[in-house]
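> My questions are about this predicted structure, shown below with the sequence.
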Amino acid sequence: RKEVEQDPGPFNVPEGATVAFNCTYSNSASQSFFWYRQDCRKEPKLLMSVYSSGNEDGRFTAQLNRASQYISLLIRDSKLSDSATYLCVVRRPMGQNFVFGPGTRLSVLP
Amino acid sequence: DTEVTQTPKHLVMGMTNKKSLKCEQHMGHRAMYWYKQKAKKPPELMFVYSYEKLSINESVPSRFSPECPNSSLLNLHLHALQPEDSALYLCASSPYGGNEQFFGPGTRLTVL
């Protein structure tokens, strides 16, 4: 089993749709959780950290369920500019060691 | 200055060449990283430097040799690479103990 798994995608959605991404991780001692986005031929950029209580940033909502070892990202009212690959990232228990999930590609269509 | 810079942007090398990739940041971050990313795959961690000391080596072949000359610079020395080493090499930095990683734009490496 991979350490971090994500929905295989791709997701093709119309503008204005709501889309949800799922991520699971295998190491129950993992410390911190993030969503990054990566545009084609660009570097990854942090979208948001994920906190136990859930957190929201504008149209984006992240949730963490430690018992199920599950992380989610919800995008509401999707825009063309949201088209990217969304990467779930988990920080291992020891040290500055981050593991990336395989990513889920999103295409928002006009 | 909130960016990580990497040089060169593109590099083509033969299997017998020796070359180096360079990474620089002036954000005062004390953790720096090298990642390798193949097409349509996520970044894979190669090395982590914490306070200029190598703290993580993810079983990377010795033909990749990292170096951290000071707190702002990170190099990756390449020697006797194989064609399968062709990839995007990403450098990142973060505050030590911090969570957000700042990535450079990467060096796109082709090994012939």
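Structure received. Residues are numbered from 1 along each chain as shown, chains lettered A, B, ... in the order given.
> Can you give me the pLDDT of residue B:1?
For residue B:1, the pLDDT comes out at 62.
> and what of residue A:90?
For residue A:90, pLDDT reads 94.
> shouldn't it be in contact with residue A:29?
No: judged on C-beta atoms under 8 Å, residue A:90 makes no contact with residue A:29 at a distance of 10.5 Å. The way it works is simple: take the backbone N, C-alpha and C, and place the C-beta from them, glycine included.
> Can you list the strands that the worst-scoring helix or strand of chain B on mean pLDDT pairs with?
Counting by mean pLDDT, DSSP states H and E, the weakest-scoring helix or strand in chain B turns out to be strand B:53-57, with a mean of 90. Paired strands of strand B:53-57, with direction, are strand B:44-50 (antiparallel) (DSSP bridges).
> For the strand it pairs with, output the C-alpha coordinates as CSV.
The C-alpha trace of strand B:44-50 is given here as CSV (Å, rounded to 0.1, in the frame of the first residue of the first chain):
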residue,chain,number,x,y,z
GLU,B,44,10.0,12.3,-4.7
LEU,B,45,12.2,13.4,-1.9
MET,B,46,15.9,12.8,-2.5
PHE,B,47,17.8,14.8,0.3
VAL,B,48,17.1,17.1,3.2
TYR,B,49,19.6,19.4,4.8
SER,B,50,18.8,20.8,8.2
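> So which residues make contact with that strand?
For strand B:44-50, contacts defined as C-beta atoms under 8 Å, 6 or more residues apart in numbering or on different chains pick out A:95-100, B:30-37, B:54-58, B:60, B:64, B:66, B:68, B:74, B:76, B:96.
> one more time with 6 Å
Residues from elsewhere that reach strand B:44-50 (C-beta atoms under 6 Å, 6 or more residues apart in numbering or on different chains): A:96, B:31-36, B:55-58, B:60, B:66, B:68, B:96.
> now swap in stretch A:39-48 and tell me
Residues outside stretch A:39-48 that contact it (C-beta under 6 Å, 6+ apart): A:35-38, A:57, A:62, A:84, A:87, B:90, B:100, B:103, B:105-106.
> Chain A against chain B: which residues are in contact?
Residues of chain A found near chain B (C-beta under 6 Å from any C-beta of the partner chain) are A:32, A:43, A:44, A:46, A:87, A:95, A:96, A:97, A:100, A:102, A:103.
> could those residues be laid out in JSON lines, adding pLDDT, distance to residue A:68 and neighbour count?
JSON lines is the format used below for the residues of chain A next to chain B (pLDDT from 0 to 100; distance: C-beta to C-beta, whole Å; neighbours: other C-beta atoms under 10 Å in any protein chain shown):
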{"residue": "A:32", "pLDDT": "90", "distance to residue A:68": "17", "neighbour count": "15"}
{"residue": "A:43", "pLDDT": "94", "distance to residue A:68": "31", "neighbour count": "22"}
{"residue": "A:44", "pLDDT": "95", "distance to residue A:68": "25", "neighbour count": "27"}
{"residue": "A:46", "pLDDT": "93", "distance to residue A:68": "24", "neighbour count": "17"}
{"residue": "A:87", "pLDDT": "97", "distance to residue A:68": "20", "neighbour count": "25"}
{"residue": "A:95", "pLDDT": "74", "distance to residue A:68": "25", "neighbour count": "13"}
{"residue": "A:96", "pLDDT": "78", "distance to residue A:68": "26", "neighbour count": "24"}
{"residue": "A:97", "pLDDT": "86", "distance to residue A:68": "23", "neighbour count": "16"}
{"residue": "A:100", "pLDDT": "96", "distance to residue A:68": "20", "neighbour count": "23"}
{"residue": "A:102", "pLDDT": "96", "distance to residue A:68": "19", "neighbour count": "18"}
{"residue": "A:103", "pLDDT": "96", "distance to residue A:68": "21", "neighbour count": "26"}
